[in-house]
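Student: okay, here's the prediction I keep looking at, along with the sequence it came from:
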Amino acid sequence: MQNIKDLFNVFPHAGRVEWIGIRPERRSPMEVVNSIDVSEKKGISGDHYSGQSGNRHITLIQAEHLPVVAALTGRDALDPAILRRNIVVSGLNLLALKDYQIQIGDTVLQVTGQCHPCSKMETALGPGGYNAMRGHGGLTAKVVKGGVVRVGDEVVAISPESSL
């Protein structure tokens, strides 16, 4: 029988990038793209956050949470662009990735924390939108190894012990 510490490093399978979006300018609508170039110093090329906080180069949200947030706000479906996250990932429990690095294509990201909702979610989703997003906001990450991230890329957890 495995102990609980061992179980933290077992994931059923890799995740998958389902959607990518960038914001070229502050307060501008998300631009849906098929790929992004990321670097250790700048984060996402072409995103308005590029070159800012190294702990929040990229934001990720779990695809499986989108229907939950939609249901909590009385919608049938939810366009990921409304939530203003950069990457939608399916098939991998993002909240289980605390302290992990993740590999997406040829890039490596360090998970830096949860991406809590901001007050803009109340406007974007309507009354109660902020609370609907609580616990479903995804993660923030910094770029450890730059490269290209594409829709369809696998998302693989790298054990904290193996990334030391």
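Tutor: It's in. Numbering: from 1, shown residues only.
Student: enumerate every residue touching residue 22.
Tutor: 30-31, 33, 36, 44, 46-47, 86 (CB atoms under 8 Å, 6 or more residues apart in numbering). Quick note: C-beta positions are derived from backbone N, CA and C, even for glycine.
Student: same deal with residue 18?
Tutor: Residue 18 neighbours (CB under 8 Å, 6+ apart): 63, 88-90, 151.
Student: among the residues you listed, who's most crowded?
Tutor: residue 89 (27 neighbours; other CB atoms under 10 Å).
Student: got the contact list for it?
Tutor: 15-18, 60-63, 155.
Student: where along the protein do the strands fall?
Tutor: For the chain, the strands defined by DSSP state E cover 15-22, 31-33, 35-39, 43-44, 58-62, 87-90, 101-104, 107-114, 139-145, 147-150, 154-158.
Student: from residue 48, how far out is residue 18?
Tutor: 22 Å (CB to CB, to the nearest Å).
Student: let me fix that, I meant to ask about residue 109.
Tutor: Distance from residue 109 to residue 48, by CB to CB: 19 Å.
Student: so where's this protein uncertain?
Tutor: Applying pLDDT under 70 to the chain flags residues 1, 51, 53, 161-164.
Student: tell me the centre residue of it?
Tutor: Ranked by distance to the mean C-alpha position of the chain (CA atoms, centre = their mean), the top residue is residue 60 at 0.5 Å.
Student: shouldn't that one be in contact with residue 83?
Tutor: No - using CB atoms under 8 Å, residue 60 makes no contact with residue 83, being 11.0 Å away.
Student: what about residue 14, how many residues close to it?
Tutor: 16.
Student: please apply the same query to residue 131.
Tutor: So residue 131, with other CB under 10 Å, has 14 neighbours.
Student: so what's the closest residue in space to it that isn't next to it in sequence up against?
Tutor: In space, and not counting its chain neighbours, residue 131 is closest to residue 72: 7.9 Å by CB to CB, 6 or more residues apart in numbering. Neighbouring residues of residue 72 by CB under 8 Å, 6+ apart: 128, 131-132.
Student: now those as a markdown table including distance to residue 52?
Tutor: Listed next are those as a markdown table, based on distance: CB to CB, whole Å:
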| residue | distance to residue 52 |
| --- | --- |
| 128 | 30 |
| 131 | 27 |
| 132 | 27 |
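Student: quick revisit: and the two most separated of the contacts of residue 89?
Tutor: Spatially, the most separated pair among those is 16 and 61, at 13.5 Å (CB to CB).
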